[in-house]
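Trainee: got a predicted model here, sequence first, then my questions.
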Amino acid sequence: MVKVELKKINKIFKPDVHVLKDIDLTIRDKEFMVLVGPSGCGKSTCLNLIAGLELVSSGDIFFGDVCVSELPPKERNLAMVFQSYALYPHMNVRKNMSFALRLAKLDADIIEERVQQAAEILDIGHLLDRKPKELSGGQRQRVALGRCIVRNPSLFLFDEPLSNLDAKLRTQMRAEIIKLQKRLKTTLVYVTHDQVEAMSMADRITILDVGRVQQVGSPSEVYDKPRNLFVAGFIGSPTMNFIDCSCTSNGLLKFGENELELNHMINQKVDFTNLNEVFLGIRPEHIEITPTPRENAYEVDVSVIEYLGSQTVVSFEFKGGIPTMAVVSGYYGANMGDKAYVSFSLDKIHIFDKNSEMNLIHDVPVQKFEFTAEND
Ligand SMILES: Nc1ncnc2c1ncn2[C@@H]1O[C@H](COP(=O)(O)OP(=O)(O)OP(=O)(O)O)[C@@H](O)[C@H]1O
Ligand SMILES: [Mg+2]
């Protein structure tokens, strides 16, 4: 239970690898915060700075009102789970779980009680006498969690803890970690490069790219109102379509041989006078596609059909050869080269400036202003 604040954090590795740039981030007390971004964007570095495994180059980290920037890891009262569970191979589960408590010289009775409690929460009571090599991947992961829980930390830090598990187990462990965090009410920072994991687990998501925070928000905020092209492309699967358009000063978009007339509401938000080119963003699931002609629908050519059971991914081209994707729930029967008819609601579109890459329809801040005791 602690609020974590990162204030203007920079991390420069020697000689001059500038990995994190001016990171401002507030993680609320009891929040499940997911840090997500592509490989190498600085997620683990950020977590290691919070943990104290690395020191900041500039800026400060606060836990509540306490500046912890200079504190060693063991004085930060946190527990960390890594991708490799890092269990001690020669110790059984009970010893692995109690290791930190024995080191801290707690009473044997208290240690046993904490281990039993954690084992019960994680349903690993029957495994306490086994060695790590006698456990499945999911069971090892639970022991790694157990080792954290017994310490009653005020902050959990997880760095891609599920990436070694198969898809089914990962989904199951995801649900368990969410339940665990809600039950223990401990602030949790969870790193992943998997946007599905981020969307399904987080109270809020922080999206990082090239060492900068691109956006912070709830899963629905970052999905509905992505601040820029990067966030729009990173969140959502299949990814948002970005259609290269020229535009006129009165807000008429042209792509290939097609035109899209925008409504008054969009024209009020977006100033087209100095814009020549934009990306029109539309998510595949927001495109309606039918085999029969409809009023105000674009005629397109179907190129690929991928039937996935619960949904079908239909790839098609607008006239002028613009590749685009739609997702249809259930089955969509068509062949390559068939005509189809496509429409989408103007409520669902995004317009991105090609130069600044900013979303011109949803002009949202990187993160909303956080209320603290002083400015409540
Ligand atoms: N000790 C170090 N010295 C120099 N550069 C480093 C060091 N640690 C990390 N880096 C660099 O910092 C950048 C960010 O690394 P980091 O491990 O934080 O990325 P990440 O977002 O966790 O990536 P991944 O998803 O692959 O785990 C990378 O370019 C990496 O090469
Ligand atoms: Mg990493």
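Mentor: On my side now, so go ahead. Residues are numbered from 1 along each chain as shown. Ligands and ions are numbered 1, 2, ... in the order given.
Trainee: mind listing the helices for the protein?
Mentor: 43-51, 93-103, 108-122, 137-149, 167-184, 195-201, 219-224, 229-234, 264-269 (DSSP state H).
Trainee: would you tell me which of those helices gets closest to residue 301?
Mentor: helix 229-234 (24.2 Å; C-beta to C-beta). (Each C-beta comes from the backbone N, C-alpha and C, glycine too.)
Trainee: who's in contact with the closest one?
Mentor: 36-38, 195, 207, 209, 214-215, 222, 226, 239-240, 242, 279, 281, 350, 352, 357-359 (C-beta atoms under 8 Å, 6 or more residues apart in numbering).
Trainee: only whichever of these are buried, select them in ChimeraX.
Mentor: Applying 16 or more other C-beta atoms under 10 Å to the contacts of helix 229-234 leaves a buried subset, and the ChimeraX line that selects it is:
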select :36,37,195,207,209,214,215,222,226,240,242,279,281,350,352,359
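Trainee: run a quick neighbour tally on the closest residue to ligand 1 within the stretch 251-376 of the chain.
Mentor: Residue nearest to ligand 1 within the stretch 251-376 of the chain: residue 366 (18.2 Å; C-beta to the nearest ligand atom). Using other C-beta atoms under 10 Å, residue 366 is surrounded by 16 other residues.
Trainee: what pLDDT does it get?
Mentor: Here, the pLDDT recorded for residue 366 equals 91.
Trainee: repeat that for residue 62.
Mentor: pLDDT, residue 62: 97.
Trainee: just to check, it is in contact with residue 5?
Mentor: Yes - under the criterion of C-beta atoms under 8 Å, residue 62 makes contact with residue 5 at 4.3 Å.
Trainee: which ones are touching the spatially closest residue to residue 288 that is not a sequence neighbour?
Mentor: Closest residue to residue 288 apart from its sequence neighbours, by C-beta to C-beta, 6 or more residues apart in numbering: residue 343 at 5.1 Å. Taking C-beta under 8 Å, 6+ apart, we find residue 343 in contact with 287, 288, 294, 296, 297, 298.
Trainee: so which of these sit within strands?
Mentor: 287, 288, 298 (DSSP state E).
Trainee: contact residues of the stretch 51-200 of the chain facing ligand 1?
Mentor: Counting by C-beta under 6 Å from any ligand atom, the stretch 51-200 of the chain comes close to ligand 1 at residue 193.
Trainee: contact partners for the closest residue to residue 216 other than its chain neighbours?
Mentor: The shortest distance from residue 216 to any residue other than its chain neighbours is 3.5 Å, reached at residue 367 (C-beta to C-beta, 6+ apart). Residue 367 makes contact with 24, 25, 26, 213, 215, 216, 217, according to C-beta under 8 Å, 6+ apart.
Trainee: for the fifth one, give its distance to residue 231.
Mentor: Distance, residue 215 to residue 231, by C-beta to C-beta, to the nearest Å: 5 Å.
Trainee: need the residues touching each of those two.
Mentor: 207, 222.
Trainee: so which residue of the stretch 201-350 of the chain comes closest to ligand 1?
Mentor: Counting by C-beta to the nearest ligand atom, the stretch 201-350 of the chain gets nearest ligand 1 through residue 208, at 7.0 Å.
Trainee: give me phi/psi at the closest residue in space to that residue that isn't next to it in sequence?
Mentor: Distances taken as C-beta to C-beta, 6+ apart place residue 37 nearest to residue 208, at 3.6 Å, with adjacent residues excluded. The phi/psi pair for residue 37 (degrees, to the nearest 10) reads phi 170, psi 170.
Trainee: contacts only, for residue 37.
Mentor: Neighbour list for residue 37: 43, 193, 207, 208, 209, 214, 234 [criterion: C-beta under 8 Å, 6+ apart].
Trainee: thinking again about what came up before, what subset of the contacts of residue 343 is buried?
Mentor: Buried, going by 16+ other C-beta under 10 Å: 287, 297, 298, out of the contacts of residue 343.
Trainee: show the contacting residues for the first one.
Mentor: Going back to what we said before, that points to residue 287. Residue 287 sits in contact with 241, 324, 325, 326, 327, 342, 343, 344, where contact means C-beta under 8 Å, 6+ apart.
Trainee: and if you look at residue 321?
Mentor: Applying C-beta under 8 Å, 6+ apart to residue 321 gives the contacts residue 256.
Trainee: ok, the one 3 residues further on next?
Mentor: With contact taken as C-beta under 8 Å, 6+ apart, residue 324 is in contact with 241, 243, 282, 287, 300, 315, 316, 317, 318, 342.
Trainee: just the buried residues from these, in PyMOL please.
Mentor: Isolation of the buried members of the contacts of residue 324 (16+ other C-beta under 10 Å) is achieved in PyMOL through the command below:
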select buried, resi 241+243+282+287+300+315+316+318+342
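Trainee: and the contacts of residue 324 as a markdown table, adding distance to ligand 1 and pLDDT?
Mentor: Shown next, in a markdown table, are those (distance: C-beta to the nearest ligand atom, whole Å; pLDDT from 0 to 100):
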| residue | distance to ligand 1 | pLDDT |
| --- | --- | --- |
| 241 | 26 | 98 |
| 243 | 30 | 97 |
| 282 | 29 | 98 |
| 287 | 31 | 98 |
| 300 | 37 | 97 |
| 315 | 29 | 97 |
| 316 | 33 | 98 |
| 317 | 34 | 97 |
| 318 | 35 | 97 |
| 342 | 36 | 97 |
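Trainee: go through the contacts of residue 324 and flag which are in strands.
Mentor: 241, 243, 282, 287, 300, 315, 316, 317, 318, 342.
Trainee: excluding residues flanking it in the chain, which one is nearest the second one?
Mentor: When you say that, I think you mean residue 243. In space, and not counting its chain neighbours, residue 243 is closest to residue 280: 4.3 Å by C-beta to C-beta, 6+ apart.
Trainee: so the one you found touches residue 349, yeah?
Mentor: Yes - under the criterion of C-beta under 8 Å, residue 280 makes contact with residue 349 at 6.2 Å.
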